[in-house]
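Visitor: Sequence first, predicted model second:
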Amino acid sequence: MFWLMKSEPSELSIDDLAGLPGQRIGWFGVRNYQARNFMMQDMKIGEQAYFYHSSCAVPGIYGIVEICSAAYPDPTQFERASEYFDAAATAEKPRWFQVDVRFVRKTRPIPIDELRGKSRLASMLVLQRGNRLSITPVTTAQWNFIAKLM
DNA sequence: GCCAACGTTGGC
DNA sequence: GCCAACGTTGGC
């Protein structure tokens, strides 16, 4: 499968990733069950994701990352000082999971405006009204269509 | 900063 | 199990 993963550039930007070539980066902080379940149930090592910047001047796709681990417990849920701490999570029964990703490449920025302008992408989840999921599946057709825009 | 949309919480 | 209230997301 293919994916789209959102990040606020103030948290983790494409340039942050580009500065860590070949390194595994834990995708911590997902606190939504649907997004978590995608990581736990559907993501496979080696799959690729479009890296998307949200909550910024030009929201859109800025690069590609690759999934390089299975899902494992997100350590920040156990860290009392973390904004992601979850008092209900225990080592025996972790609630939140993450995967590792690695930087593949930067792409030209493809703004959400441009994506919205393509009728072939009309059903893309990230473009749907009210969408808030930070991890969404991308169909092969959508992936290939966007790849040609790059 | 605004606000629509959505997920979660908690009283009943 | 319903649903109102609340907090968060994220484009604009």
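Guide: Thanks, I have the structure now.

Visitor: Would you pull up how far stretch A:67-77 lies from the middle of the chain?
Guide: The chain centre lies 13 Å from the centre of stretch A:67-77; the measure is C-alpha atoms, centre = their mean, to the nearest Å.

Visitor: any idea of the mean pLDDT in stretch A:56-64?
Guide: Stretch A:56-64 carries an average pLDDT of 96.

Visitor: Please read the previous query as pertaining to stretch A:5-25.
Guide: Per-residue pLDDT over stretch A:5-25 has a mean of 95.

Visitor: Check stretch A:115-129 too.
Guide: Averaged over stretch A:115-129, pLDDT sits at 95.

Visitor: Is it positioned near DNA strand B?
Guide: Yes - contact of stretch A:115-129 with DNA strand B (C-beta under 7 Å from any atom of the strand) involves A:128-129. For the C-beta atoms, the positions are set from N, CA and C on the backbone; glycine is no exception.

Visitor: buried set for that stretch?
Guide: A:115, A:121, A:124, A:126 (16 or more other C-beta atoms under 10 Å).

Visitor: Put together a markdown table for those, with secondary structure on each row.
Guide: Converted to a markdown table, those look like this (DSSP: H, G, I helix; E, B strand; the rest coil):
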| residue | secondary structure |
| --- | --- |
| A:115 | helix |
| A:121 | helix |
| A:124 | coil |
| A:126 | helix |
